[in-house]
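S.K.: got a predicted structure here, sequence first:
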Amino acid sequence: MERVAIIGLGLIGGSIGLAIKRSGVKDLHVVGNARTRETLQRAKKIGAIDEEARTAAEAVRDARLVIIAAPILATRPLFEEIAPALMPGAVVTDVGSTKGNVMRWAKELLPETVHFVGGHPMAGKETPGIDAADADLFREKTWVIVPSVTADQGAVKTVVGLAQLCGAAVSFMDAEEHDSYVAAISHLPLALSSALFSVVFGSAAWPELAHLASSGFRDTTRLASGSPEMAHDIMISNRDNVLHWIDRFQEELSRFRAAIAAGETEPVLEAFAKPQLERDNFMVNGAPRRNLGDPIEKISFSDMMLGSAISGMMRKQTEMLKAAEERAEKKR
C-alpha cells in the first residue's frame, strides 16, 4: 500500500486529503500531521486522512508522495525536519502562495535522492481551518506547478496527477513569474481588502457606517477575514512584488482621484467605463487564450504513483552500484 503524507491540515491540506480519499484510488494510505491534536482528530473524523502522525518526520517515513500544506514561513523548518526521514525517490511538493523562497529552501535542505516539485492551487476561502475543508475546493481552478531543475519527469507527472485528481487545471510557471503574477491578482487584493476595512473601521462614525454596510462593502472586504498568519507570510516572502503592485495601484488611484477632483463628466465616465467593459468581458468570456503548447495529458493517479516508485528504485539501484564500485576501488 502506497503512503501519501500531508503536512498541515488546514483548509488546503484538508481539502487535498478529502479529494484524494473521495477519488477511490485503491491501495493508498493518507497520513497526516498538524500542529494540534484537535486538528488531527478532526481531519481523521471527516475522512481527510487515514492515520495520524505525531511529527512531520513520522508522517513522511515510507511516503511516496509528501505534500507540504503549512504556512510559507513554516516550510523551511519543516524541510529541515523531514529531510533525514524521506525515502529515496520520494516526491515532495507544496501548496504555498509564493514559490521563490520555497524553491531555494528545497534545493538547500532536501536530499538529492528526492524530487521537489513546487505547487500552488489557486483556490481558497476566507475561512481557514480543517472545518472549512472541501473536496471540491480545487475543481476547475488553476493549479500552478513549478518543477525544480533536478526534478525528473516522473516526479512532475506525480504532481500533475495530484492536481488533476483534485479536479484542477494545470499551468506551468517558473518561480519568479509565479510570484510576480500572484502578487497582482491575489496578494494585492488581500492587502486592499484589509486596508479598506481598516480605514472604514477606524472612522469615528463606524457604528453608523456599519449599519449601512451592504453587499458591496462586504464583498470588497471579504479577504480581510482570512488568516493574519497567512497574510503575514505572503507579504514577507513576496515583499518586493507586492510593493511593486501597491505602487501601481496607488498611481491608478491617484488617476481616479484627479479625474474626480476635476469635476468634469468625460474623465470620470472614462475612468469607470473602461474597467466596466473589460471586467464584463472577462466575466463572460473568461481569461484570454494563452499559447500553452500541447495540452497536458490526463494522468492516472495510480500510474503516476507507480512511475514514482520505479524512478525511486532505479535511483536506489544506481546508488548501490556506485557504492559497490567505490568499495571495489578501495580494495584495489
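M.R.: Arrived safely.

S.K.: low-confidence stretches in the stretch 201-332 of the chain?
M.R.: Scanning the stretch 201-332 of the chain for pLDDT under 70 picks out 290-332.

S.K.: buried residues in stretch 81-88?
M.R.: Neighbour-count burial for stretch 81-88, counted by 16 or more other Cβ atoms under 10 Å, picks out I82, A83, A85, L86, M87. The way it works is simple: take the backbone N, C-alpha and C, and place the C-beta from them, glycine included.

S.K.: mind jotting down where the strands sit in the stretch 101-250 of the chain?
M.R.: Using DSSP state E, counting those that start in this stretch, the strands assigned to the stretch 101-250 of the chain run over residues 115-121, 142-147, 169-172.

S.K.: determine which stretch of the ones you listed is the most buried.
M.R.: strand 115-121 (a mean of 25; mean count of other Cβ atoms under 10 Å).

S.K.: centre of the chain to that strand, how far?
M.R.: Strand 115-121 sits 8 Å away from the centroid of its parent chain (Cα atoms, centre = their mean, to the nearest Å).

S.K.: how about stretch 32-50?
M.R.: Worked out by Cα atoms, centre = their mean, stretch 32-50 lies 20 Å from the chain centre.

S.K.: so where do the helices sit in the stretch 1-150 of the chain?
M.R.: Using DSSP state H, counting those that start in this stretch, the helices of the stretch 1-150 of the chain run over 11-23, 37-45, 56-60, 72-82, 100-109.

S.K.: kindly reformat the strands of the stretch 101-250 of the chain as TSV containing mean pLDDT.
M.R.: Formatted as TSV, the strands of the stretch 101-250 of the chain follow (pLDDT from 0 to 100):
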stretch	mean pLDDT
strand 115-121	96
strand 142-147	96
strand 169-172	95
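
S.K.: reformat the ones you listed into JSON lines and put distance to M235 next to each item.
M.R.: As requested, the strands of the stretch 101-250 of the chain are exported to JSON lines (distance: least, Cβ to Cβ, whole Å):
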{"stretch": "strand 115-121", "distance to M235": "16"}
{"stretch": "strand 142-147", "distance to M235": "19"}
{"stretch": "strand 169-172", "distance to M235": "24"}
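
S.K.: figure out which of these is closest to F201.
M.R.: strand 115-121 (30.7 Å; Cβ to Cβ).

S.K.: hang on, the earlier thing: nearest to S193, out of the helices of the stretch 1-150 of the chain?
M.R.: With Cβ to Cβ as the yardstick, what comes closest out of the helices of the stretch 1-150 of the chain is helix 11-23 (17.2 Å).

S.K.: helices and strands around the closest one, which ones?
M.R.: strand 2-7, strand 28-33, helix 153-165 (3 or more Cβ pairs under 8 Å, 6 or more residues apart in numbering; DSSP states H and E).

S.K.: quick one: mean pLDDT over stretch 179-190.
M.R.: Computed over stretch 179-190, the mean pLDDT rounds to 97.

S.K.: C-alpha coordinates for that stretch, CSV please?
M.R.: C-alpha atoms of stretch 179-190 as CSV (Å, rounded to 0.1, in the frame of the first residue of the first chain):
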residue,chain,number,x,y,z
ASP,A,179,5.4,35.3,-7.6
SER,A,180,5.1,38.4,-9.8
TYR,A,181,1.7,37.4,-11.2
VAL,A,182,0.1,36.2,-7.9
ALA,A,183,1.2,39.5,-6.2
ALA,A,184,-1.1,41.3,-8.6
ILE,A,185,-4.2,39.0,-8.6
SER,A,186,-4.1,37.5,-5.2
HIS,A,187,-1.8,39.4,-2.8
LEU,A,188,-2.7,42.9,-3.8
PRO,A,189,-6.4,42.2,-3.3
LEU,A,190,-5.7,40.8,0.1
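
S.K.: re earlier: which of the buried residues of stretch 81-88 sit farthest apart?
M.R.: Longest span within these, Cβ to Cβ: A83 and M87, 11.6 Å.

S.K.: a markdown table for the helices and strands packed on helix 11-23, including distance to R104, mean neighbour count and mean pLDDT?
M.R.: Compiled in a markdown table, the helices and strands packed on helix 11-23 are given as follows (distance: least, Cβ to Cβ, whole Å; neighbours: other Cβ atoms under 10 Å; pLDDT from 0 to 100):
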| stretch | distance to R104 | mean neighbour count | mean pLDDT |
| --- | --- | --- | --- |
| strand 2-7 | 19 | 26 | 96 |
| strand 28-33 | 23 | 22 | 96 |
| helix 153-165 | 18 | 23 | 95 |
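
S.K.: good, wrapping up.
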